[in-house]
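A.B. asks: This is a predicted model, with the sequence first.
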Amino acid sequence: MKLIKSMLVVSGFVVSQLATAQAQIQVIHAGSMLAIPGEKVTKNQTIVVADGKIKKVMPGFVAVKDISDDAVLIDLKNQFVMPGMMDMHVHLQGELGPNNDSERLRMSDEVVAMKSAHFAKKTLLAGFTTVRDLGAQSPEHIYALRDAVANGWLAGPRIIASGGVSVTGGHGDIDGMRHDLLDLYTAKTVCDGPFDCRRATRRAIKFDADIIKITSTGGVLSDTDTGTGQQMADDELREVVETAHGLGRKVASHAHAAAGINAALRAGVDSIEHGSYADKESIKLFKKSGAYLVPTLLAGDTVKQMASKSDFMSPAIKAKAIRVGGDMMKNISRSYKAGVKIAFGTDSGVSRHGINAQEAVLMVEAGMSAMDVLKSATVNAADLIGRSESLGTIEVGKYADIIAVDQSPLDDIKALLDVDFVMQGGKVYKNK
């Protein structure tokens, strides 16, 4: 691929200097284009980008001179072009590994923030132009990263950043440390009882959370043998959801066991993360409420492989990883066939950052069509975060979040593993 200005051809990352000026008009010639995932692919299209947004989409390869004398041509005639992908479940501040305990004690929040900026850039270059960060060691630093990306100071995906609310001793509370450190590291949004959970929700929003993340069940990576059943009580769940919605925030619920999934859905959450043991009642509640399932199959596969091949996990974590990780594929297949709405999410941070597209491969292996996988990572994800008017498709008026690959992922989903071109908000970050 190449970027052309007049007769000058520039390749590689230099394009980010030439083609990203917001005032400059960019003309993309797309050989194949999936403008709206779920609809048909079109051939030989021209996309006009200015001020970070899509201004025109026209059939044929319209000459640059017919659009503007100083426009820049981005030649993607031999590429498959589609909207930037969105990952609805990441943790940008770290990656699961044998040194996590020592890193938590040795790394300052400031160093962790620098590391998260590194992971954010890797995610963007993998073709993911928007993410939801659903849990951080230092939420305020994720909020700062979100704002730095939004202001153009750092390269990264557009970030929807959460504030976490969890119950004492539950998943999301601190565990696996000596007792005096447990008090030191316990977050001020850990709560008990409905009124305290109302306070915790308000506090998270006060400190600038875009979304509230709750943990209605136990989790695989909690270093405790408290299981993966329901942990937040029904009245606590209802109070968090009512408070968050009243303050204009959506709620995502980590949930494995059916009882916790169903309780969260009855409380009115907007998405279920993982949903490993969704049952027939869960499916009814998903469809009644319109909530999304975010499957995170890559996380399940990652912890299962780590539990089998490494020895850094505690016995409690290892047992849960093998059991839950092995069961997650069955769930998505059942839920997908039943018509549950699915949004793409990886739980990256459990898996390595930058390999997010491997989730798409697992989704296809679980029985989803390639088109529905692409829709989950674009149209559905935009709907989940309430940004359908500006994200998720290549249409006039929306942000110019555009990626390209060498071959159609509709023919081979693995094409997404090697993204060649990344534009976010009209800025070119990758062109190889």
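C.D. replies: Nice, I can see it.
A.B. asks: Roughly how far does residue 73 sit from residue 64?
C.D. replies: Per CB to CB, to the nearest Å, residue 73 is found 5 Å from residue 64. Just so you know, the C-beta spots here come from the backbone N, C-alpha and C atoms, and that holds for glycine as well.
A.B. asks: do residue 283 as well
C.D. replies: 51 Å.
A.B. asks: Can you give the domain ranges for the protein?
C.D. replies: Taking automatic domain parsing as the reference, the chain has its domains at 2-83+395-431, 85-384.
A.B. asks: In CSV, list those along with mean neighbour count and mean pLDDT.
C.D. replies: Shown next, in CSV, are the domains of the chain (neighbours: other CB atoms under 10 Å; pLDDT from 0 to 100):
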stretch, mean neighbour count, mean pLDDT
domain 2-83+395-431, 18, 86
domain 85-384, 21, 88
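A.B. asks: Tell me the spacing between residue 119 and residue 351.
C.D. replies: The gap separating residue 119 from residue 351 is 12 Å, by CB to CB.
A.B. asks: Give the intersection of the neighbour lists for those two.
C.D. replies: Common contacts of residue 119 and residue 351 (CB atoms under 8 Å, 6 or more residues apart in numbering): residue 95.
A.B. asks: all strands for the stretch 251-400 of the chain, in order.
C.D. replies: 271-274, 292-294 (DSSP state E, counting those that start in this stretch).
A.B. asks: repeat for the stretch 101-250 of the chain
C.D. replies: Ranges of strands within the stretch 101-250 of the chain are 128-133, 158-167, 190-191, 211-215, 250-255, based on DSSP E, counting those that start in this stretch.
A.B. asks: what's the closest of the ones you listed to residue 298?
C.D. replies: If you check each of the strands of the stretch 101-250 of the chain against residue 298 by CB to CB, strand 128-133 wins as the nearest, at 12.6 Å.
A.B. asks: Show me what that closest one is in contact with.
C.D. replies: 84-92, 123, 142, 146, 157-162, 211, 252, 345, 356, 381-382, 385, 387, 391, 401, 403, 422, 424.
A.B. asks: same thing but at 6 Å, please
C.D. replies: Residues from elsewhere that reach strand 128-133, judged by CB atoms under 6 Å, 6 or more residues apart in numbering: 84-88, 90, 92, 142, 157-161, 356, 401, 424.
A.B. asks: Output that strand as CSV, nothing but the C-alphas.
C.D. replies: C-alpha atoms of strand 128-133 as CSV (Å, rounded to 0.1, in the frame of the first residue of the first chain):
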residue,chain,number,x,y,z
PHE,A,128,-8.9,-1.6,17.5
THR,A,129,-9.8,2.1,17.4
THR,A,130,-12.2,2.1,20.5
VAL,A,131,-12.1,0.1,23.7
ARG,A,132,-13.9,-0.2,27.0
ASP,A,133,-11.4,-0.5,29.9
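A.B. asks: from the chain's centre, how far out does that strand sit?
C.D. replies: 4 Å (CA atoms, centre = their mean, to the nearest Å).
A.B. asks: who does that strand pair up with?
C.D. replies: In the sheet, strand 128-133 lines up against strand 85-90 (parallel), strand 158-167 (parallel) (DSSP bridges).
A.B. asks: Next, the angle from that strand to strand 250-255.
C.D. replies: 70 degrees (axes from the mean of the first three to the mean of the last three CA atoms, to 10 degrees).
A.B. asks: oh, and call the first residue 44 from now on, that's how I've got it
C.D. replies: Understood, numbering begins at 44; the last thing we discussed is strand 171-176.
A.B. asks: show me what contacts residue 109?
C.D. replies: Residue 109 neighbours (CB under 6 Å, 6+ apart): none.
A.B. asks: circling back: can you redo the strands of the stretch 144-293 of the chain as a markdown table with distance to residue 380?
C.D. replies: Compiled in a markdown table, the strands of the stretch 144-293 of the chain are given as follows (distance: least, CB to CB, whole Å):
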| stretch | distance to residue 380 |
| --- | --- |
| strand 171-176 | 25 |
| strand 201-210 | 29 |
| strand 233-234 | 37 |
| strand 254-258 | 27 |
| strand 293-298 | 20 |
